[in-house]
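**Student:** Dropping a prediction and its sequence here:
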Amino acid sequence: MHDTPAARLLAARAPARPLSGKAAVPGDKSISHRALMFGALAVGTTEITGLLEGEDVLRTAAAMRALGATVQNLGGGHWRVAGRGIGGLVEPEDVLDMGNSGTAARLLCGLLAGHKLFAVMTGDASLRKRPMKRVTEPLSATGARFATRAGGRLPLAVEGAADPLPLDYRVPVPSAQVKSACLLAGLCARGITRVVEPEATRDHTENMLRHFGATVEVGIEGHGRVIELTGQPELVAAPVVVPGDPSSAAFPAVAALLVPGSEILLRGVGMNPLRAGLFATLAEMGADITRLDERIEGGEPVADLRVKASALRAVDVPPERAPSMIDEYPILAVAAAAAAGTTRMRGLKELRVKESDRLAATAALLEANGIRFAIEGDDLVVHGAGGPPPGGGTVVTHMDHRIAMSALVLGLAAQRPVTADDAAFIETSFPGFAALMNRLAGGEALGAP
Ligand SMILES: O=C(O)C1=C[C@@H](OP(=O)(O)O)[C@@H](O)[C@H](O)C1
Ligand SMILES: C=C(OP(=O)(O)O)C(=O)O
């Protein structure tokens with residue numbers, strides 16, 4: 001249990017030459033979790049290609065096995081899942097350990113709520129701090145019973161509903177995880193499950209529901225969506241092609257923007273508009289990023305991104321853009337640190353409940369590296385250097401992969417090397433990150449301090 005990887009110090013320094021070359025980033029994490037879950041709920045055999053083989057997704061694979069699905073790793077990102085049909089999951093014999101993954105834990109709560117079984121779920125020290133009430137509370141209206149540690153934290157126990165009721169729920173925070181948990185429970189319920197989100201969040205669950213044969217109606221309501229799912233469909237196995245993760249592509253992309261003379265090509269990056277907020281923001285900052293060969297793959301828009309080093313200028317990022325780039329603020333803060341002028345990122349409240357308090361962790365990253373900033377309410381304000389930021393700091397990553405990768409990208413662009421106190425958690429979302437960055441840098445830019 002909690003086999004937390006040993007902490008690993010990793011440092012980055014400005015590479016001897018510009019970043020260049022072509023690379024594919026790992027598969028999309030959100031889509032990978034969902035592909036395994038839908039595969040387990042479908043009748044038949046689902047073939048998945050391009051699955052992210054990061055720690056978070058491997059936890060979902062293990063949980064689906066524990067719930068009775070047959071999950072095979074055929075190598076090279078090709079996985080096969082033989083599903084059990086909706087309502088067909090079996091009681092797990094042991095505790096489900098979701099590691100570092102909020103998505104795995106929260107979506108699984110939805111699945112478990114709709115199945116008549118008993119299960120206990122836990123996670124690592126980071127996940128055990130994160131709020132689960134945001135899912136256990138709405139899911140309790142299905143008839144499922146949850147018991148959690150104080151403050152609605154993991155570990156939790158759930159007794160799923162024998163005959164789950166459909167939910168009619170207005171999600172109070174912009175969260176694709178809460179929306180998805182409600183929809184997954186709705187698969188097992190009779191009648192229409194209705195979820196209203198005041199701000200549109202990533203729609204991979206809705207897309208995949210349709211792809212596997214469920215009936216989903218989506219209406220627009222202001223900035224938000226009204227989603228209606230017809231319960232107890234027969235989900236039929238369907239192949240899933242997982243695109244490259246835009247949230248992972250963000251790191252080499254910002255590195256190439258900031259290291260003078262760089263030009264790289266990132267192949268097959270998912271460009272779902274509800275995920276691409278960072279790229280819209282970087283364009284406003286003057287980034288030279290071109291979308292090449294735009295296409296649809298596996299039902300998701302995909303493009304190759306050509307990224308050239310650019311002199312960035314500060315930007316004001318509106319709060320309504322936050323859901324489409326929620327995981328990208330730490331790396332945007334790094335870009336802002338090198339931009340000319342003062343960047344304001346508005347409405348970042350949800351960053352406080354990620355793998356770390358990402359608002360505080362990003363502020364500490366800036367502080368340790370001589371970058372001027374302020375936190376004003378839920379806004380982060382970064383005073384850019386208009387060139388290479390000072391650097392020279394050691395960043396405390398707090399078990400947060402995105403803080404670690406942001407620190408290392410800063411090191412590639414800064415005047416002095418930057419160290420991440422623990423790069424082990426990068427494995428949750430971006431296996432091979434250091435090797436890929438070193439290949440683009442043409443040498444040991446990332447290595448032991
Ligand atoms: O649904 C998903 O796959 C995700 C939703 C987001 O979380 P919230 O729903 O908590 O905003 C995001 O931060 C996370 O990395 C993945
Ligand atoms: C917030 C993230 O993931 P999760 O919520 O699944 O832990 C992330 O990957 O940045």
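**Tutor:** Perfect, I can see it now. Ligands and ions are numbered 1, 2, ... in the order given.

**Student:** now the helices for the stretch 101-250 of the chain?
**Tutor:** 102-113, 133-140, 176-188, 204-211, 246-258 (DSSP state H, counting those that start in this stretch).

**Student:** ok and the first one relative to helix 204-211, angle-wise?
**Tutor:** Computed with axes from the mean of the first three to the mean of the last three C-alpha atoms, to 10 degrees, the direction of helix 102-113 lies at 50 degrees from that of helix 204-211.

**Student:** Met208 is in contact with Ala35, correct?
**Tutor:** Yes - in this structure, Ala35 is within contact of Met208 by C-beta atoms under 8 Å, at 7.2 Å. Where you see a C-beta, it was placed from the backbone N, CA and C, and this is true even at glycine.

**Student:** Spit out the contact partners of Arg225.
**Tutor:** Val196, Glu197, Ala200, Asp203, Val218, Gly219 (C-beta atoms under 8 Å, 6 or more residues apart in numbering).

**Student:** now for the helices of the stretch 101-250 of the chain, which one comes closest to ligand 1?
**Tutor:** Across these, the minimum distance to ligand 1, taken as C-beta to the nearest ligand atom, is reached by helix 176-188, at 3.3 Å.

**Student:** What is that closest one packed up against?
**Tutor:** Here helix 176-188 touches helix 29-41, helix 102-113, helix 133-140, strand 192-197, helix 204-211, strand 224-230, going by 3 or more C-beta pairs under 8 Å, 6 or more residues apart in numbering; DSSP states H and E.

**Student:** Compare the ones you listed and report which one is nearest to Gln177.
**Tutor:** helix 102-113 (4.1 Å; C-beta to C-beta).

**Student:** and that closest one, how far out from the chain's middle?
**Tutor:** Averaging C-alpha positions (C-alpha atoms, centre = their mean, to the nearest Å) puts helix 102-113 15 Å from its chain's average.

**Student:** touching ligand 2 at all, that helix?
**Tutor:** Yes - Helix 102-113 comes into contact with ligand 2 (C-beta under 6 Å from any ligand atom), by way of Gly102, Thr103.

**Student:** How about stretch 182-195, which residues are buried there?
**Tutor:** The neighbour-count check on stretch 182-195 (16 or more other C-beta atoms under 10 Å) flags Cys182, Leu183, Leu184, Ala185, Gly186, Leu187, Cys188, Ala189, Thr193, Arg194, Val195 as buried.

**Student:** How about stretch 310-319?
**Tutor:** For stretch 310-319, burial by neighbour count (16+ other C-beta under 10 Å) applies to Ser310, Ala311, Leu312, Arg313, Ala314, Val315, Val317.

**Student:** Show me the two of those that sit farthest apart.
**Tutor:** Across these, the longest distance by C-beta to C-beta is 18.8 Å; it joins Ala311 and Val317.

**Student:** quick revisit: which among the contacts of Arg225 gets closest to Glu350?
**Tutor:** Distances from Glu350 to these, taken by C-beta to C-beta, are shortest for Glu197, at 13.0 Å.
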